[in-house]
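>>> take a look and give me a structure for this.
(chains A and B)
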There are 2 protein chains.
Amino acid sequence: MSLIVQKYGGTSVGSPERIAHVADKVIQARAQGHDVVVVVSAMSGETDRLLKLAREIDPRPSERELDVLLSTGEQVTIALLSIALEKRGCPARSYTGAQVCIRTDSAHTKARIMDIDAARIFQDLKAGRVVVVAGFQGVDEHGNITTLGRGGSDTTAVALAAALKADECQIYTDVDGVYTTDPRIEPKARRLERITFEEMLEMASLGAKVLQIRSVEFAGKYNVPLRVLSSFTEGPGTLITSEEPSMEQALISGVTANRDEAKLTVTGVPDQPGIAHRILGPIAAANIEVDMIVQNVGEHGLTDFTFTVHRNDYDKALDIVKQTAKEMGAREVQGDNRIVKVSIVGVGMRSHAGIASQMFQTLAAEGINIRMISTSEIKISVVVDEKYLELAVRALHNAFKLDQAAQR
Amino acid sequence: MSLIVQKYGGTSVGSPERIAHVADKVIQARAQGHDVVVVVSAMSGETDRLLKLAREIDPRPSERELDVLLSTGEQVTIALLSIALEKRGCPARSYTGAQVCIRTDSAHTKARIMDIDAARIFQDLKAGRVVVVAGFQGVDEHGNITTLGRGGSDTTAVALAAALKADECQIYTDVDGVYTTDPRIEPKARRLERITFEEMLEMASLGAKVLQIRSVEFAGKYNVPLRVLSSFTEGPGTLITSEEPSMEQALISGVTANRDEAKLTVTGVPDQPGIAHRILGPIAAANIEVDMIVQNVGEHGLTDFTFTVHRNDYDKALDIVKQTAKEMGAREVQGDNRIVKVSIVGVGMRSHAGIASQMFQTLAAEGINIRMISTSEIKISVVVDEKYLELAVRALHNAFKLDQAAQR
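Reported below is the predicted structural model:
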């Protein structure tokens, strides 16, 4: 007998029929001998409907009240799913975040979970009930309703799984697992059986948006086995776990691409200590997040400084940097918002040399010019012109034989 | 400086525009120097939308889960109203029933309020905030969400006013007060400045559906001055208070009419002890509520027994009574579901003789035959044929000069 936490997203509970289908899946897991705790999101479209109401009253509504408002979305779903379970003869109890004491800090609209009181849930499980918990929400120390931000239901599920020491946390979505790359770009993309938390983190943050990053961090930290699978089709999905030393590692697990990048370069900067801070300080002050940063060694005491921001922030960043460059006496500012970032991710590169040069060679062979390079322990990212995105992804997917399951 | 509890119903908060209007009214009350606690219902249509979702899944949904579901309706409104208040620079805080500890029993869908913890509300009022509380809902001793049943927001408002020892509880609806009779029947109907709790109870239960009966009982019990007024038009509304001995009493406060009645008569019943129980026992067992009961003294040891039920229960009641009559050896069963009950209500009749005969004389002068009579301390009800309803109401309204404000 094992304990499973299942999480169903907005599309999976988007209508009374779909909720009935989820109830069937929960009962199926129970029939296999598992205790089940279910975390649900708001029905698809509901959060946007509520946001629209609020914004009709105030385009910038109070964040405390926004949380009171939005948390009703999940509350509707827990009630409806419990009704569907009980209708099928399966005893069930629904709980809001506050009711099972999902204690968070007071950062409304983006609160972080501090603690969960599992006692009440264990009591219900012991009594043979399915426990249905509202995702995305919690309660602060003063009893105020908080929400965890978009996608926060994943985090709720993982946090519950950790608190309950569940055997597995299953995230049901509309895709049947994590793929080696975007199948819309490379039809030979293959579902991964297994991937490590670290790889998943790099994949998620690089644009393969299957899971909320924070929930993966959380799962890794508490070592909660996480499984991504589809609520629409049968299948084992992808299991995300910690690295097992015994396991034959793939060199590369996936290729990701991100179109949301824009690049800014300040050339001819006097090469003195504090340049990076001088250039990026005003950017940070304007609440613009910086992704990649590269500083070249220059000649004649001058250097070039390049960084990327989200494409939405490009115009704003450009204005700021131009002002800074002028003040610093830099030569000029170049900008480019038609670039993309392509990355390969894999824990295997830790123990294998030559992955980077294989990547660069592959791109060179296709005539793709690399504009920027950035590396981490398990990831190599390059910036290339936007037009090369698909070509780069396919070439790398092929070069590292990601279509072949035998790798692992 | 006084403390006012204001309650706005579903129509008053039916859209973002209407919610903005309510915010203006609340701020107006604050500008007059009052502390304000606001109780709101779900936006009109919302409760029905949620019920429909639940019933698509199960025509008879779990009552515990129904409460979890329906309580979201008011939660949406408290958030939106607080957003509207803050947008106007008025500090506000929303609270669900659970958050301000509106403790109820565990009778889901029709719970009763046991206790309210006013401490948190006083704290906010002291800090200069408007407190916005979700009506209709509470929490039982186990932390389960409960609801008070349809119209329960009135009860929430009155219970809060009692707990906070508020100076007045204002119930905003779509009518501008309590009238001497239904203005659709008698255009000369007049808004009452003032009425007693007892009169209001008789008026409400007799069909003048302005306030939920339970909330009036509650207000009377804790002596909370209750004011009914319109959220759409300006005006003082009607104040409902306890009887003041000094006050010149009107003979009659209002004329009410109820079309929901049906009459059943068992004739030729052997006149023995226990007849009433014998006839009404099976009716009660079938969960049919009985309204008026009249037993005539008969001849030759036989008697006639008449009672009324809600028109919806007429067919069911008729079947049951026919069976009982057969077992008792009664002569026959007569039924009539085209009758109405017309009543006059007024605390003045306690100290004035001759009101009943004036009522009967008025009806006789119009050729209206009285089928049944029932009296209480402050009310006289008669059953007449349905076709006489308007005529009877107008004649009585005129006879007791209810169109003349000078009365009080």
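>>> how far off helix B:63-87 does the longest helix anywhere in chain A point, in degrees?
Secondary structure assigned by DSSP state H gives helix A:63-87 as the longest helix of chain A. For helix A:63-87 against helix B:63-87, the angle by axes from the mean of the first three to the mean of the last three CA atoms, to 10 degrees is 170 degrees.
>>> buried ones in helix A:63-87?
Going by neighbour count (16 or more other CB atoms under 10 Å in any protein chain shown), the buried part of helix A:63-87 is A:64-87. For glycine as for every other residue, the C-beta is placed from the backbone atoms N, C-alpha and C.
>>> elements contacting the helix or strand following that helix?
With elements assigned by DSSP states H and E, the helix or strand that comes after helix A:63-87 is strand A:92-95. Secondary-structure packing of strand A:92-95 (3 or more CB pairs under 8 Å, 6 or more residues apart in numbering or on different chains; DSSP states H and E): helix A:63-87, helix A:119-126, strand A:130-134, helix B:63-87.
>>> contacts for the host helix or strand of residue A:361, please.
According to DSSP H and E, residue A:361 maps onto helix A:355-365. Applying CB atoms under 8 Å, 6 or more residues apart in numbering or on different chains, the external contacts of helix A:355-365 come out as A:251-252, A:344, A:346, A:348-349, A:370, A:375, A:380, A:382, A:384, A:392, A:395-396, A:399-400.
>>> can you rerun that using 7 Å?
A:251, A:344, A:349, A:370, A:375, A:380, A:382, A:392, A:395, A:396, A:399 (CB atoms under 7 Å, 6 or more residues apart in numbering or on different chains).
>>> what comes up buried for it?
A:355, A:358, A:359, A:362, A:363.
>>> which one of those residues is nearest residue A:130?
Within the buried residues of helix A:355-365, the smallest distance to residue A:130 is 45.8 Å, found for residue A:355 (CB to CB).
>>> for the closest one, give its distance to residue A:251.
Using CB to CB, to the nearest Å, residue A:355 is found at 6 Å from residue A:251.
>>> try residue A:211
Distance from residue A:211 to residue A:251, by CB to CB: 23 Å.
>>> comparing the two, which residue is more hemmed in?
Set side by side, residue A:211 and residue A:251 show more neighbours around residue A:211, with 25 against 18, by other CB atoms under 10 Å in any protein chain shown.
>>> assign the more buried one to helix, strand or coil.
The local conformation at residue A:211, judged by DSSP: H, G, I helix; E, B strand; the rest coil, is coil.
>>> who are the contact partners of it?
Residues near residue A:211 by CB under 7 Å, 6+ apart: A:154, A:171, A:200, A:204, A:228.
>>> now intersect these with the helices, please.
Mapping those onto helices (DSSP H) picks out A:154, A:200, A:204.
>>> any quick ChimeraX command for the buried ones out of these?
Restricted to buried positions by 16+ other CB under 10 Å, the ChimeraX selection for those reads:
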select /A:154,200,204
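>>> could you list which of the ones in helices among the contacts of residue A:211 also contact chain B?
With CB under 7 Å from any CB of the partner chain as the criterion, the ones in helices among the contacts of residue A:211 include none near chain B.
>>> shaky segments in chain A?
Scanning chain A for pLDDT under 70 picks out the ranges A:1, A:205-209, A:245-250, A:298, A:405-408.
>>> get me the contact residues on it for chain B.
A:16, A:19-20, A:50, A:53-54, A:56-58, A:61-62, A:65, A:68-69, A:72, A:75-76, A:78-80, A:82-84, A:86-87, A:94, A:99, A:143.
>>> which element is residue A:256 on?
Applying DSSP H and E, one finds residue A:256 within strand A:254-258.
>>> quick one, helices of the stretch 301-408 of chain A?
Using DSSP state H, counting those that start in this stretch, the helices of the stretch 301-408 of chain A run over A:314-328, A:355-365, A:389-399.
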